[in-house]
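> sequence below, structure please.
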Amino acid sequence: MTFQTSARSAANDLSDSRWLQLVARGGYAVSGVLHMIIGWVAVRIAIPGSSSSGTSADQSGALAEIKETAWGPAFLWFAVVALVALVVWQITEAIVGGSPRGDDSTKQKAARAKAAAKAVVYLVLAGLAFGVVTGESSGGGGEKVTRWLMSSGLGKVAVAAAGLAIVVVGGYHVYKGVTKKFREDLAGGPGGQLGRGVDVTGVAGYVAKGVALVVVGGLFVVGAVQADPEKASGLDVALKSLADLPYGKVLLVLVGVGFVAYGVYSFARSRYARM
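Numbers count the residues shown, from 1 in each chain. A predicted model of the protein is given here:
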């Protein structure tokens, strides 16, 4: 038995672990809570006279707001554990590539690459949650990296390339929402009114998140061209920039509501995700 075969066999066994799947599903629920808070903050920013309480409209801001609640620390520790479990599960999927396990077709290779990318995203989120709950969060870390990259011509190209990649991901989110392709992530699902509710929140959520990601990526490109790291600062800056556009506050409210919808969909995904 080769090392590759052994690794796939071990990953396959771990991926099928009911305990790992159960805890990993909690990671989707955590993501849902964060998206709902981000959406609510975005709506508060858009409504005149409403205070956003200085909260950043991104994952770090949502985690910080959770920490201030009575149940915040306990939830954040749960978030760390659940997200790490989701990272482990995504890594196993990156190794075995979904069903049929071990298939080396182009489709399965793409599925493995997608799982690996998701593992990185959830690992970063787990790190943010750990930093907030332990009081060791290094706010502005991403901006520092962007500033460092923009200090050289090659770095600016890298930032612009990252921006274009984010735009592509955002566009795919919109496509996934409009075509209801997100249904492929679910193993069955509820029927009747509840099933229609999952569809509605999935469509609204993916489209809204896609729009936000397109804006984030666009600002990265603009920031690279103008050598302005302030513009390439992530989701918070992107959402707040929408408010400065014509009818931007209306668009920001719609995006905020969409983020809340994505959060609701994430709860359904935690229950019905294909694992």
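> now the strands: where do they sit in the protein?
Counting by DSSP state E, the chain has no strands at all.
> how about low-confidence regions in this structure?
For the chain, residues meeting the criterion pLDDT under 70 lie at 1-13, 15, 49-55, 97-104, 137-145.
> tell me how it divides into domains.
1-139, 140-259+268-272 (automatic domain parsing).
> list the contacts of R183.
G189, D199, G202 (Cβ atoms under 8 Å, 6 or more residues apart in numbering). Using the backbone N, CA and C atoms, a C-beta is placed for each residue, glycine as well.
> by neighbour count, which of the residues you listed wins?
Compared across the contacts of R183, G202 has the highest neighbour count, 26 neighbours, by other Cβ atoms under 10 Å.
> just checking, that one touches K181?
No: contact criterion Cβ atoms under 8 Å: G202 and K181 do not qualify, at 9.4 Å.
> and L251, how far is that from K107?
Computed as Cβ to Cβ, to the nearest Å, the L251 to K107 distance reads 36 Å.
> between those two, point out the one with more neighbours.
Between L251 and K107, L251 has the larger neighbour count (other Cβ under 10 Å), namely 18 against 10.
> now the more buried one: how far from V215?
Applying Cβ to Cβ to L251 and V215 gives a distance of 10 Å.
> now do the shared contacts for the two.
L242.
> shouldn't V80 be in contact with V133?
Yes: using Cβ under 8 Å, V80 is in contact with V133, at 6.8 Å.
> wait, V221 sits on V157?
No: in this structure, V221 is not within contact of V157 by Cβ under 8 Å, at 10.8 Å.
> of the two, which one has the most company?
V221 (19 against 12).
> ok, the more buried one - contacts?
A160, G163, L164, V167.
> make it 10 Å
The neighbourhood of V221, defined by Cβ atoms under 10 Å, 6 or more residues apart in numbering, consists of V159, A160, A161, A162, G163, L164, I166, V167, K231, A232.
> same question for Y122.
24, 27-28, 30-31, 82-91.
> distance of it from A165?
Taken as Cβ to Cβ, the span from Y122 to A165 is 18 Å.
> can you check V96 too?
26 Å.
> if you count surrounding residues, which of the two has more?
Between V96 and A165, counting by other Cβ under 10 Å, V96 is the more crowded of the two (26 against 12).
> do I have it right that the more buried one meets A116?
No: using Cβ atoms under 10 Å, V96 makes no contact with A116, being 11.9 Å away.
> what's the neighbour count on the residue lying closest to W89 once chain neighbours are set aside?
Leaving aside its chain neighbours, W89 sits nearest to A24 (4.3 Å; criterion: Cβ to Cβ, 6 or more residues apart in numbering). Neighbours of A24 under the rule other Cβ under 10 Å: 25.
> who's in contact with A24?
A24 neighbours (Cβ under 10 Å, 6+ apart): 15, 17, 82-90, 92, 122, 270, 273, 275.
> just put the contacts of R183 in a markdown table and tack on distance to D236.
Listed next are those as a markdown table, based on distance: Cβ to Cβ, whole Å:
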| residue | distance to D236 |
| --- | --- |
| G189 | 33 |
| D199 | 29 |
| G202 | 24 |
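> for stretch 223-241, measure first residue to last.
End-to-end span of stretch 223-241 (Cα to Cα, to the nearest Å): 13 Å.
> show me which positions of it end up buried.
Neighbour-count burial for stretch 223-241, counted by 16 or more other Cβ atoms under 10 Å, picks out 223-224, 229, 231-241.
> and of these, the nearest to V174?
A238 (15.0 Å; Cβ to Cβ).
> do I have it right that the closest one meets A57?
Yes: counting by Cβ under 10 Å, A238 does reach A57; the two are 8.6 Å apart.
> any shared contact partners between those two?
Here A238 and A57 have A212, V255 as joint contacts, going by Cβ under 10 Å, 6+ apart.
> what ranges do the helices span in the stretch 1-150 of the chain?
3-15, 18-46, 59-67, 72-96, 106-134, 141-149 (DSSP state H, counting those that start in this stretch).
> now stretch 172-190: buried residues?
Using 16+ other Cβ under 10 Å as the test for burial, stretch 172-190 gives H173, V174, K176, G177, F182, R183, D185, L186, G189.
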